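Asker: show me the folded form of this:
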Amino acid sequence: MNIKELYHIERISENVVIIFCTTYINPISYLPIIEQELSKINFNGKIIFDLLLSNGYSSNRFVKADVYEFKVNRRSMSVVDSSSLDDLLITKIHEFYKSHPYLVERNHILFDEEKYHLIHT
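Answerer: Here you go, the predicted structure:
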């Protein structure tokens, strides 16, 4: 499997990016490759990792970090509660899963009712 198939980067604003895992493999393991991609899009700011497909609806689903000079500051990485995410991020997250139902359907971590909820609500 190509490493770039393990995640999807979506720029939300000038200084915010969401990185979705697209398999059960956590993309944080591939930070050097992600940093190369952030450099290509000239990105500095905050990244939010949505690890739903690798961690499920656990307390460590979302991880945030700062990016400076296209490098992820590992010391800034921290778990984020979903209630602290703004409405735009939540909307973009829902849109991503609705537009990529095949990612959700093939996932074995989520329960069937969770998959249905992500795709249909």
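
Asker: hmm, who's touching the lengthiest helix in the chain?
Answerer: Determined from DSSP state H, the single longest helix within the chain is helix 87-99. With CB atoms under 8 Å, 6 or more residues apart in numbering as the test, helix 87-99 has contacts from 8, 10, 12-13, 16, 18, 20, 48, 50, 52, 82, 85, 103-104, 118-119. For glycine as for every other residue, the C-beta is placed from the backbone atoms N, C-alpha and C.

Asker: again with stretch 7-17
Answerer: Under the contact criterion CB under 8 Å, 6+ apart, stretch 7-17 has outside partners 18-22, 27, 30, 34, 37-38, 41, 43-48, 67, 88-89, 92, 96, 100.

Asker: got a PyMOL select line for the buried ones in the contacts of helix 87-99?
Answerer: Of those, the buried ones go into a single PyMOL selection, burial set by 16 or more other CB atoms under 10 Å:
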select buried, resi 8+12+16+18+20+48+50+52+85+103+104+118+119
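
Asker: and the helices in the protein?
Answerer: Using DSSP H, the helices found in the chain span residues 31-40, 52-55, 87-99, 101-105, 112-120.

Asker: I'd like the ones you listed as CSV, with mean pLDDT and distance to residue 63 appended.
Answerer: Formatted as CSV, the helices of the chain follow (pLDDT from 0 to 100; distance: least, CB to CB, whole Å):
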stretch, mean pLDDT, distance to residue 63
helix 31-40, 94, 11
helix 52-55, 94, 9
helix 87-99, 93, 13
helix 101-105, 91, 19
helix 112-120, 89, 19
